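S.K.: No sequence on hand, only this structure:
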């Protein structure tokens, strides 16, 4: 497992936790963090032992976007590379369920990364903002592609064209996050969800993730053909037979990923 300067990465019981780790800067992004997150997400995506990936932040912030003070201070940054901007598509498309545990400020590129995840949960104190127009840039990390699919086109445009801060309750109301939890129990609540996902049948949930990704760009008839093939294949798996046996025997299934 790789060592990172600005990222904490832990794999335990089929779950990977990626923690953005610049808490003194609310986990503001530098070029080093971009590179390390790109490498870390790749590592999680191709680890056969990982079934679910959680993205969160250390300390009081999730990710407020670029660390503007670092970029404007003249401090030397390592080169940024075009492929690092594919972090968004990797989170969105990898055959693992991705969960954003939004524990604080979530703006700019951090907002895009959260939108790229399959599921989003917020602490009561989390604050959101698209933020890009406030610093006179058009934006990155695919927010205009992702957000309309989550909350609808009109509201997504409003959040980008008229940027401003809004809280976790509003994020839940508009469907940006699935649920908001009290700050004091947030980690415990999200951990329970991630643990449940990690215990799911790996073949089935991986193919289910692919179904959602494929459905975004396919006709209904083409999608149904692909979905039916995956349904038949997972239905014939040892994991499926184990799930049926466990149901009849009233016990927890033990999945092997085959």
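M.R.: Cool, the structure landed. The structure presented is a predicted model; accordingly, all values stated were derived computationally and were not measured.
S.K.: C-alpha only now, for contacts and for neighbours.
M.R.: Fine.
S.K.: which residues of the stretch 1-150 of the chain fall in helices?
M.R.: Secondary structure of the stretch 1-150 of the chain (DSSP state H, counting those that start in this stretch): helices located at 31-45, 68-72, 87-93, 108-116, 143-151.
S.K.: so how far is the worst-scoring helix or strand of the chain on mean pLDDT from its chain's centroid?
M.R.: Sorting the helices and strands of the chain by mean pLDDT, DSSP states H and E puts helix 68-72 at the bottom, at a mean of 75. Distance of helix 68-72 from the chain centroid (Cα atoms, centre = their mean, to the nearest Å) equals 26 Å.
S.K.: And the contacts of that helix?
M.R.: 28, 30, 77 (Cα atoms under 8 Å, 6 or more residues apart in numbering).
S.K.: Narrow those to those that are buried.
M.R.: 28, 30 (16 or more other Cα atoms under 10 Å).
S.K.: Which of the contacts of helix 68-72 lies at the shortest distance from residue 183?
M.R.: residue 28 (20.8 Å; Cα to Cα).
S.K.: For residue 165, see how far away the closest one is.
M.R.: 17 Å (Cα to Cα, to the nearest Å).
S.K.: try residue 190
M.R.: Residue 190 is 23 Å from residue 165, by Cα to Cα.
S.K.: Kindly report the same for residue 53.
M.R.: Taking Cα to Cα, one finds residue 53 at 27 Å from residue 165.
S.K.: Those two - which one has more neighbours?
M.R.: residue 53 (28 against 13; other Cα atoms under 10 Å).
S.K.: thought the more buried one was touching residue 13?
M.R.: No. Counting by Cα atoms under 8 Å, residue 53 stays clear of residue 13, with 11.5 Å between them.
S.K.: Where does the prediction get shaky in the stretch 1-150 of the chain?
M.R.: For the stretch 1-150 of the chain, the stretches flagged by pLDDT under 70 are 1-2, 73-74.
S.K.: quick one: contacts for residue 200?
M.R.: By Cα under 8 Å, 6+ apart, the neighbours of residue 200 are residue 255.
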